[in-house]
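[1] here are the coordinates; sequence isn't available:
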């Protein structure tokens, strides 16, 4: 299910992290121009950890809260993802294409 920021009933009940994607290379994701405008659940973030080879020390969220926020630096991702982001600046499209999964419901614009 995609969560929509306009639907507060669904968005408010979601057990998700609020995410800000930033980049020093891609000006569309400059720290000045982005907000916490994406949400993702624990499973998707663990999948991203494997791609990057990092441990973000995440924990599963048991109740809805806006305190769980995460800033992710796009510059550490593989060249394929960064190239997709330079083409259209769409994070959802980039990850769907990279993982080859049209049913990627674990990341949404919120």
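    Thanks, I have it. Worth saying up front: this structure is predicted, and the values here are computed from it rather than measured.
[2] quick check, residue 35 in contact with residue 21.
    No: checked against C-beta atoms under 8 Å, the pair residue 35 and residue 21 is beyond contact range at 10.3 Å. No exception for glycine: its C-beta is placed from N, CA and C like everyone else's.
[3] okay, strands next: where are they in the protein?
    Under the criterion DSSP state E, the chain carries strands at the ranges 17-22, 38-40, 69-73, 107-109.
[4] please identify the deepest-packed of those.
    Counting by mean count of other C-beta atoms under 10 Å, strand 38-40 has the highest mean neighbour count of these, with a mean of 22.
[5] remind me what it packs against, helices and strands.
    Under the contact criterion of 3 or more C-beta pairs under 8 Å, 6 or more residues apart in numbering; DSSP states H and E, strand 38-40 touches strand 17-22, strand 107-109.
[6] pLDDT below threshold where in this structure?
    Residue ranges of the chain with pLDDT under 70: 1-14, 101-106, 110.
[7] relative to residue 54, how far out is residue 45?
    Note on residue 45: its distance to residue 54, by C-beta to C-beta, to the nearest Å, is 11 Å.
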